[in-house]
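**Q** Need coordinates for the following:
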Amino acid sequence: MNYREAPSVPPVTLDDVRGAQKMLSGVARMTAMEGSRHLTQLVGAPVHFKCENLQRTGSFKLRGAYVRIAGLLPEERAAGVVAASAGNHAQGVALASSLLGVRSTVFMPKGAPLPKISATKEYGAEVRLHGHVVDETLAAAQEYAEATGAVFIHPFDHPDIIAGQGTVGLEILEQCPEVRTIVVGIGGGGLAAGIAIAVKTLRPDVRIVGVQAAGAAAYPPSLAAGRPVAIENPATMADGIKVGRPGDVPFGIIGELVDEVRTVTEDELSTGLLLCLERAKLVVEPAGASPVAALLSDPGSFEGPVVALLSGGNVDPLLMQRVLTHGLAAQGRYLAVRLRLTDRPGALATLLGVLSVVDANVLDVGHVRTDPRLGLTEAEVELHLETEGPAHCVEVGQALRDAGYTVIG
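**A** Residues are numbered from 1 along each chain as shown. This is a model prediction of the structure:
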């Protein structure tokens, strides 16, 4: 679906993006462009990863934050800056401020992962924990700005931020001049808007596809309404694109220049992250894997060569563990099953023997004998199994039923 409206003059121009690129020289890396043979086979055309997960601070956010802070007046710099973020923007603001000699304060939710809090502090920011959701943290940061005079650095809703993020688009055209489609994750919209300005001005033939998590997809209803619309209770594992309302500045640009916005499920995000780890040997956070998820969900709908932007790699190890398990389950390579058996000596060994015949590797066993829901001669067993795919999962389930076991979950 095309969401374009009547052409208008964008608040950010190609010259702004080129100016940002000069400003970022020696600060942000030109990140690698890596080919993906697996996705190339699925799509039927070359697919490349633009690896912003390998950028300084682990995401593209340094680009916009540095350009925004570097553009402040001397008296604004003297007052310091403040930001609110659960991770990537926090680290980008912290490092950019340190490089520019500006004092920074970053508000983060109380439940923010410890590695992200530690990294933000190490980059030089004073970290203050406030609230349990980003909206509460954002309000606290804005109150701090009003009380102290510090400049609030918005994560996506400012022309300088968009210009900085747009430098990714210039690099894509330089590294893959034959590109036909660019796939990019969308949260508030700053990255997609910047890329769209850079790419569409120079190569209007290139198709730009934005991707949102289905549980936090504010852009489709907003584009349909012709104005930013807030959604209630956005929910997704992809915290980097978990934004309940599009930014006012990027919204107009995306509505005019981005060709399509798609959504992906949590299962698809997990599978995309797993593919990056297994096939490309790249650590990518769920938001960064959203373009890969979109390619996997409908590979035949993309014209190649395709560039999928891996926007970040800052993933909490505990979340990574859960996401990998989720991804393995989605691919039929991890199976959890509960069943009841007769509580007698050797019953568990007999059950494990059935599983060995169908080559299901047992990872964990939970054995319950005292639940009041069980009969006097019953026991309940929960098994976590390593399997070889959906067909193997069906085979395991059938083997258990054929052996007389009652599978209850």
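
**Q** In the stretch 51-200 of the chain, mark out all the helices, start to finish.
**A** With helices called from DSSP state H, counting those that start in this stretch, the stretch 51-200 of the chain shows them at 61-70, 74-79, 88-100, 114-122, 134-148, 159-175, 190-202.

**Q** for the stretch 301-409 of the chain, same thing?
**A** When assigned using DSSP H, counting those that start in this stretch, the helices of the stretch 301-409 of the chain occupy the ranges 317-330, 347-357, 390-402.

**Q** can you tell which of these is closest to Lys116?
**A** Among the helices of the stretch 301-409 of the chain, the nearest to Lys116 by CB to CB is helix 317-330 (10.7 Å). For the C-beta atoms, the positions are set from N, CA and C on the backbone; glycine is no exception.

**Q** helices and strands around the closest one, which ones?
**A** Where contact means 3 or more CB pairs under 8 Å, 6 or more residues apart in numbering; DSSP states H and E, helix 317-330 is packed against helix 266-279, strand 334-342.

**Q** ok, Cys202 - contacts?
**A** You called it Cys, but residue 202 is Leu. Neighbouring residues of Leu202 by CB atoms under 8 Å, 6 or more residues apart in numbering: Leu14, Leu173.

**Q** Then the one 10 residues further on?
**A** In this structure, Gln212 makes contact with Gly185, Ile186, Gly187, Ala218, Tyr219, Pro220, Ile241, Val261, Arg262, Thr263, Val264, Ser290, judged by CB under 8 Å, 6+ apart.

**Q** check contacts around the last one.
**A** Read that as Ser290. Gly185, Val211, Gln212, Ala213, Ala238, Ile241, Val264, Leu269, Gly272.

**Q** go again using 6 Å as the cut-off
**A** Listed by CB atoms under 6 Å, 6 or more residues apart in numbering, the contact set of Ser290 reads Gly185, Val211, Val264.

**Q** neighbour-wise, which of the residues you listed leads?
**A** For the contacts of Ser290, the largest neighbour count, defined by other CB atoms under 10 Å, is 32 neighbours, found at Val211.

**Q** What residues are bridge-paired with that residue?
**A** Going by DSSP bridges, Val211 is paired in beta bridges with Gly185, Arg262.

**Q** got the buried residues for stretch 26-44?
**A** Using 16 or more other CB atoms under 10 Å as the test for burial, stretch 26-44 gives Val27, Ala28, Thr31, Met33, Ser36, Leu39, Thr40, Val43.

**Q** could you redo the residues you listed as a markdown table and give each row distance to Gly353 and secondary structure?
**A** Below are these laid out as a markdown table (distance: CB to CB, whole Å; DSSP: H, G, I helix; E, B strand; the rest coil):
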| residue | distance to Gly353 | secondary structure |
| --- | --- | --- |
| Val27 | 62 | coil |
| Ala28 | 58 | coil |
| Thr31 | 51 | coil |
| Met33 | 51 | strand |
| Ser36 | 41 | coil |
| Leu39 | 41 | helix |
| Thr40 | 43 | helix |
| Val43 | 44 | helix |
